[in-house]
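[1] pasting the sequence and the predicted model now:
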Amino acid sequence: MKKKMKSRKSPLPMASPPSPSPPKSSILNSIKKKKPIASVGATAGVLRSSPPPSLDKTLASISDLKELASSRFDDIKSRLIDRSHSEIIKDLEASHSRLHKRFKAASIRMHILIHQIQSQTCQQMMDESEKDFKKMTERVTETTEAMKETYTEFMAEAQATASRVCKTSIPELAKSLEKSIGALQSRFGIPSN
């Protein structure tokens, strides 16, 4: 505040009272003749620095500009942060959807592979079971044929032994029975018919 008051006091004694327009034009013309490029800035600085209320306005406008700039900077910063957050969220959602699609495709492929493997294993098991069944049927047919052969051999032997018994032992038994009957008849005096 003291600095502001000093700056206000310093230009008052140096400032000249308002003069009519012809002297200003002559001063401006002389300045323009000497320094044509820097004359406009110098005269504008002199004219602006002469009244003290304009300094207060410029200082107030500078602080306002600083506040406005800081508020706009904060606004832009928050917008950029929000935009970056939204872009990050969009990227994450896109990557999530891509990963979900890839996972879905991979799971479908895995299901197909598992189904193929299961079908292959089932086919292999069916082939092996068919081979085992064929082997078992071959063994059964072999055993049945062997049983048939043994049965025919046994029946042939039984028939042969039966025919031999019928041919040899029955007449011999009949003869021995007739002899024993004749011996009994002669012993007891029974006449033979």
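    Alright, I've got the coordinates. Numbers count the residues shown, from 1 in each chain.
[2] quick one, phi/psi of Gly189?
    When read as degrees, to the nearest 10, the backbone of Gly189 gives phi 70, psi 40.
[3] could you measure it against Lys179, distance?
    Using C-beta to C-beta, to the nearest Å, Gly189 is found at 18 Å from Lys179. For glycine as for every other residue, the C-beta is placed from the backbone atoms N, C-alpha and C.
[4] between the two, point out the one with more neighbours.
    Set Gly189 next to Lys179 and count neighbours by other C-beta atoms under 10 Å: Lys179 wins out with 10 against 6.
[5] what average pLDDT does whatever helix or strand Ile170 lives in get?
    Using DSSP states H and E, Ile170 maps to helix 170-188. On average, the pLDDT along helix 170-188 is 86.
[6] residues near Ser78, how many?
    That count, for Ser78 with other C-beta under 10 Å as the rule, works out to 10.
[7] and it, what pLDDT?
    Reported pLDDT for Ser78: 87.
[8] helices of this protein, residue ranges please.
    For the chain, the helices defined by DSSP state H cover 2-9, 11-14, 21-34, 39-49, 52-164, 170-188.
[9] report all helices and strands that the longest one contacts.
    In this structure, helix 52-164 makes packing contacts with helix 2-9, helix 39-49, judged by 3 or more C-beta pairs under 8 Å, 6 or more residues apart in numbering; DSSP states H and E.
[10] please pull out the lowest mean pLDDT helix or strand from the chain.
    None of the helices or strands of the chain scores lower by mean pLDDT, DSSP states H and E than helix 39-49, at a mean of 41.
[11] where does the prediction get shaky in the chain?
    Along the chain, the model assigns pLDDT under 70 to residues 1-60, 193.
[12] give me that answer again for 50
    1-57 (pLDDT under 50).
[13] contacts for stretch 116-136, please.
    Residues outside stretch 116-136 that contact it (C-beta atoms under 8 Å, 6 or more residues apart in numbering): none.
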